[in-house]
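S.K.: sequence unknown, structure follows:
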């Protein structure tokens, strides 16, 4: 009986040790599926003579469309190896699946778009490495019809009540928001990374 209990404790210890890596692998796999499904939505080309869209790949199936419910695009930040789906709203559900668009009624390339993401103790997950970004680093947003390239112009910390950072200005902006410091329970501060629109295609 003692041997069984010891083995159970040992297995439980291994589970606790490797759980963050298992969770990250599961999350990364899910993100890859979401990104592939999203990219398939806009995977059309145009015959210049016919001036009509021609499907290159089959339409996404019902399962893929279910995964894409509420998606707005993909965010890519090369410097920190981030590629994640963007979902409507900064709700617990959307932030569990990926990055949340705080005000879904706004439009990329026109407004100041606030994107929120969690930080966790698992290295490289969601907005964990946001603090590594510096001036002139690039942030790419891919929507169904347009790709936007943003350039970081400033990083700073605010109290969670200072929502003025999401106000629209004279030019299109991208405002990335996450809790800080990393690892603190219920932090009241927010790390803000703002970028201006550099190019769209």
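M.R.: Done, it's in. These figures come from a predicted structure and were not determined experimentally.

S.K.: Please report phi then psi for residue 73.
M.R.: Main-chain torsions, residue 73, degrees, to the nearest 10: phi 160, psi -170.

S.K.: From here on, call the first residue 29.
M.R.: With the count now opening at 29, the last piece we talked about shows up as residue 101.

S.K.: what's the spacing between the closest residue in space to it that isn't next to it in sequence and residue 137?
M.R.: Once flanking residues are discounted, residue 101 sits nearest to residue 171: 4.1 Å by C-beta to C-beta, 6 or more residues apart in numbering. Every residue, glycine included, has its C-beta placed from N, CA and C. Computed as C-beta to C-beta, to the nearest Å, the residue 171 to residue 137 distance reads 9 Å.

S.K.: Between the two, tell me which one has more neighbours.
M.R.: residue 171 (18 against 14; other C-beta atoms under 10 Å).

S.K.: which ones are touching residue 181?
M.R.: By C-beta atoms under 8 Å, 6 or more residues apart in numbering, residue 181 lies in contact with 163, 222, 223, 224.

S.K.: For the residues you listed, which single residue is the most surrounded?
M.R.: residue 223 leads these on contacts (other C-beta under 10 Å) with 27 neighbours.

S.K.: just the strands in the protein please.
M.R.: 72-75, 80-83, 99-105, 110-116, 127-129, 140-144, 166-170, 175-187, 201-208, 217-228 (DSSP state E).

S.K.: what's the closest of the ones you listed to residue 157?
M.R.: Closest approach to residue 157 among the strands of the chain (C-beta to C-beta): strand 110-116, 7.2 Å.

S.K.: mean confidence for that closest one?
M.R.: Averaging pLDDT along strand 110-116 gives 92.

S.K.: relative to strand 99-105, how tilted is that strand?
M.R.: With axes from the mean of the first three to the mean of the last three C-alpha atoms, to 10 degrees applied, the angle from strand 110-116 to strand 99-105 works out at 150 degrees.

S.K.: what lines up beside strand 110-116 in the sheet?
M.R.: Strand 110-116 pairs in its sheet with strand 99-105 (antiparallel), strand 127-129 (parallel), by DSSP bridges.

S.K.: Please enumerate residues in contact with it?
M.R.: Contacts of strand 110-116 (C-beta under 8 Å, 6+ apart): 59, 62-63, 66, 98-104, 122, 125-129, 132, 143, 145, 154-155, 157, 169.

S.K.: Buried residues, that strand. List them.
M.R.: Neighbour-count burial for strand 110-116, counted by 16 or more other C-beta atoms under 10 Å, picks out 110, 112, 113, 114, 115, 116.

S.K.: next one: stretch 215-229
M.R.: Residues of stretch 215-229 classed as buried: 218, 219, 220, 221, 222, 223, 225, 226 (neighbour count, 16+ other C-beta under 10 Å).

S.K.: burial count for the residue lying closest to the second one once chain neighbours are set aside?
M.R.: What it means is residue 219. Nearest non-adjacent residue to residue 219, counting by C-beta to C-beta, 6+ apart: residue 208, 4.0 Å away. Look at residue 208: counted by other C-beta under 10 Å, it has 19 neighbours.
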